[in-house]
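> sequence unknown, structure follows:
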């Protein structure tokens, strides 16, 4: 397979080398850049999905549910003395 591709490349290079038209060479150059760009963009965007469920996202990100009771217990263990309004004001700064 590689031999066949290499042979084709050499044939194409010979054809390009035989061209005398600057515009033809420039057209080939633009076409090659377009092919390279399409290949690059294909590699960037092929990893995106059309959709994902919340459950799939939770699993991928290792989400662990914490209920309000558990959060309240953690907060009590921290012995926070400032009023909630003051804490919210600190977040806005």
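Looks like it arrived, so ask away. Being a predicted model, the structure only gives us computed values, none of them experimental.

> which secondary structure element contains residue 91?
Taking DSSP states H and E as the definition, residue 91 sits inside helix 84-92.

> Quick one: residues in contact with that helix.
Residues outside helix 84-92 that contact it (Cβ atoms under 8 Å, 6 or more residues apart in numbering) are residue 80. All C-beta atoms are positioned from the backbone trio N, CA, C, and that covers glycine.

> okay, now the domains of this structure?
Using automatic domain parsing, the domain ranges for the chain come out as 2-45, 54-92.

> Next, format the ones you listed as TSV and append mean neighbour count.
Below are the domains of the chain laid out as TSV (neighbours: other Cβ atoms under 10 Å):
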stretch	mean neighbour count
domain 2-45	10
domain 54-92	9
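
> I'd like those as a markdown table, with mean pLDDT appended.
Formatted as a markdown table, the domains of the chain follow (pLDDT from 0 to 100):
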| stretch | mean pLDDT |
| --- | --- |
| domain 2-45 | 87 |
| domain 54-92 | 87 |
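
> max-length helix in this structure?
Ranked by residue count under DSSP state H, the longest helix found in the chain is helix 22-45.
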